[in-house]
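[1] Sharing a sequence plus its predicted fold:
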Amino acid sequence: MRRPAATALIVAGALALAGCGGSDDGTADLSVGSAYMPQPVSDMAAGFLTITNEGDSTDRLTSVSSDVAGQVTVHGTVDGAMREVEALDIPAHGSLVLESGGNHLMFEQLKRRPKQGQKVTAELRFDRSAPVTVEIPVKPATYVPKTGH
């Protein structure tokens, strides 16, 4: 009778210790806010949003897809120069801000031009976290957010 109790105690202890570890064992806890897309005037559109990570591990935005575009690329902006990048970091307990004049999404080969008042669905994929689907409201072409970016 003592063996099952002892075995249970050993297993419980091992499971408890498995939960103890450094920051590499933490997880990202991602949420998305402040999303918008200025109404496109061509066959391309930009997308802006903020990804907040409340978790203990850094993650990376690796790709994006949308049914409105043939492809969506992730762009970084350095010294005013825009270029496609493989991924953008989302720091632990921090945010990745995609904003006009900075890092952003490019919706290319639009299958239709979304109009002001509509929403565009996009799936964000990450290095470590599960994909997140976001509804991006389409704003006027000249829209400038008052807060959040």
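    Nice, I can see it.
[2] before we move on, which element is the closest residue in space to Thr27 that isn't next to it in sequence in?
    Closest residue to Thr27 apart from its sequence neighbours, by CB to CB, 6 or more residues apart in numbering: Gly55 at 5.0 Å. For glycine as for every other residue, the C-beta is placed from the backbone atoms N, C-alpha and C. Assessed by DSSP states H and E, Gly55 sits outside every helix and strand.
[3] now Pro145
    Per DSSP H and E, there is no helix or strand for Pro145.
[4] Report the separation between it and Arg60.
    24 Å (CB to CB, to the nearest Å).
[5] got it, and Ala46?
    From Ala46 to Arg60 the distance is 20 Å (CB to CB).
[6] Likewise for Val41?
    Distance of Val41 to Arg60, given as CB to CB: 31 Å.
[7] Strands along the protein, start to end?
    When assigned using DSSP state E, the strands of the chain occupy the ranges 30-38, 45-53, 59-66, 69-78, 81-84, 88-90, 94-98, 104-110, 119-126, 132-139.
[8] Quick check: which of those strands is buried the most?
    strand 45-53 (a mean of 22; mean count of other CB atoms under 10 Å).
[9] mean confidence score for that strand?
    The average pLDDT within strand 45-53 is 98.
[10] what angle sits between that strand and strand 119-126?
    Between strand 45-53 and strand 119-126, the angle comes out at 50 degrees (axes from the mean of the first three to the mean of the last three CA atoms, to 10 degrees).
[11] packing partners for strand 45-53?
    strand 30-38, strand 59-66, strand 94-98, strand 104-110, strand 119-126, strand 132-139 (3 or more CB pairs under 8 Å, 6 or more residues apart in numbering; DSSP states H and E).
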